[in-house]
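Q: Sharing a model prediction with you, sequence too.
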Amino acid sequence: MRSIIVAAVFAILPSLSFADPLPSWNNTETKQAILEFVEATTTPGSERYLDPAARIATFDNDGNLWAEQPVYFQLIYALDKAKAMVAADPSLEEKSPGMKAAADGDMQALLADGHKGLLEVMAMSHSGMTTEEFKDEVDKWLETTKHPVTGRRYDEMIYQPMLELLTYLRDKGYKTYIVSGGGIDFIRVFSERAYGIPSEQVVGSSIKATFVVSEGDADTVKSPELFFIDDKEGKPVAINHHIGRRPVIASGNSDGDLQMMQYATRGGRNALAILLHHTDADREWAYDKGSKVGGLDKALEEANQRGWVVIDMKADWRTVFPWELQNR
């Protein structure tokens, strides 16, 4: 009997020990490079071993954890809000070029300066609201609004392979953060349920707020003024300010993430930069250089020069979105 039990245990062990942590990834050099780095930095005795406290991984959100086409999803939310506000008070168009562009549906004007147009509209459209009121509005919007192409909720437009990577990293003792050019409070509404990343591990752009206290309550109220733009050079600054540790894994998909990946890897550091290249026009979208949303040029050039890991979405991912798993 004992020999039968031992034989059964050894029959099961291989499937337990070697279960693929990234099943939605094709078995390419890209997947292998990621697995090798993570194993090397988490295996005691390895030359590249990292103390658990140093295992910090930062991920851009738009176009990296969830889709960003045809425009940034938060911009769609801000447009809906701005149009309603301008309809109620037409004088708002005169106070803000961004609000006028939003009311006119002028995406080109809003996207001309990356996230700046979005943040201007966000600042104007959310001022006077408490943080909790804003989060409640975003939550309701996510429940009722659908993507114009897929018909899915926006918080369902997340990438299955990246969900697996986040889980794998956390299982290996990494702490995962979102570092995004999008609004910090917007992302905090869904980050935990969508990605397993708690709100305190979200770093993003923000508008100013004031503290208001009364006999019955105390809260923060949003003001119509930008506080910090967490994009490009702002990302390393925000990482230092919010996290206090340099990431050893930095993942993004656009030139707005270049400085974050440089911050992680320059100086011969024991670090990994992962750049997602959108190459799949059939299952998602194909875009890079010249795109107003998620433009990718300089970061891809540096990735090729420095040997960063570049995810070719079409070649490296078996599955893009979670709902595809239902059809497999």
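A: That came through, no problem. Numbers count the residues shown, from 1 in each chain.
Q: would you say residue 212 is within a helix?
A: No - applying DSSP: H, G, I helix; E, B strand; the rest coil, one finds residue 212 to be strand, outside a helix.
Q: for it, what are its contacts?
A: Neighbour list for residue 212: 130, 218-221 [criterion: CB atoms under 8 Å, 6 or more residues apart in numbering]. The C-beta positions use only the backbone N, C-alpha and C, and glycine is treated the same way.
Q: what's the answer for residue 300, then?
A: Per CB under 8 Å, 6+ apart, neighbours of residue 300: 275, 277, 288-289, 310.
Q: I'd like these as TSV, with distance to residue 87 and pLDDT appended.
A: Formatted as TSV, the contacts of residue 300 follow (distance: CB to CB, whole Å; pLDDT from 0 to 100):
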residue	distance to residue 87	pLDDT
275	41	98
277	40	98
288	37	98
289	37	97
310	45	98
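Q: Which one (most neighbours) among those?
A: residue 275 (24 neighbours; other CB atoms under 10 Å).
Q: On the strand side of things, show who it bridges to.
A: Per DSSP bridges, the residues bridged to residue 275 are residue 252, residue 310.
Q: returning to what we had before: distance to residue 262 added to the contacts of residue 300, as JSON lines?
A: As requested, these are arranged in JSON lines below (distance: CB to CB, whole Å):
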{"residue": "275", "distance to residue 262": "12"}
{"residue": "277", "distance to residue 262": "18"}
{"residue": "288", "distance to residue 262": "19"}
{"residue": "289", "distance to residue 262": "19"}
{"residue": "310", "distance to residue 262": "15"}
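Q: for the closest residue to residue 57 other than its chain neighbours, what are its contacts?
A: Computed as CB to CB, 6 or more residues apart in numbering, the closest residue to residue 57 that is not its neighbour in sequence is residue 249, at 3.9 Å. Shown in contact with residue 249 (CB under 8 Å, 6+ apart): 37, 56-58, 169, 174, 264, 271-274.
Q: Now do residue 249 against residue 309, distance only.
A: Distance from residue 249 to residue 309, counting by CB to CB, to the nearest Å: 10 Å.
Q: same thing with residue 279?
A: Residue 279 is 15 Å from residue 309, by CB to CB.
Q: Mind checking which of the contacts of residue 212 are buried?
A: 220-221 (16 or more other CB atoms under 10 Å).
Q: So which of the contacts of residue 212 sit within strands?
A: Of those, the ones assigned to strands by DSSP state E are 218-221.
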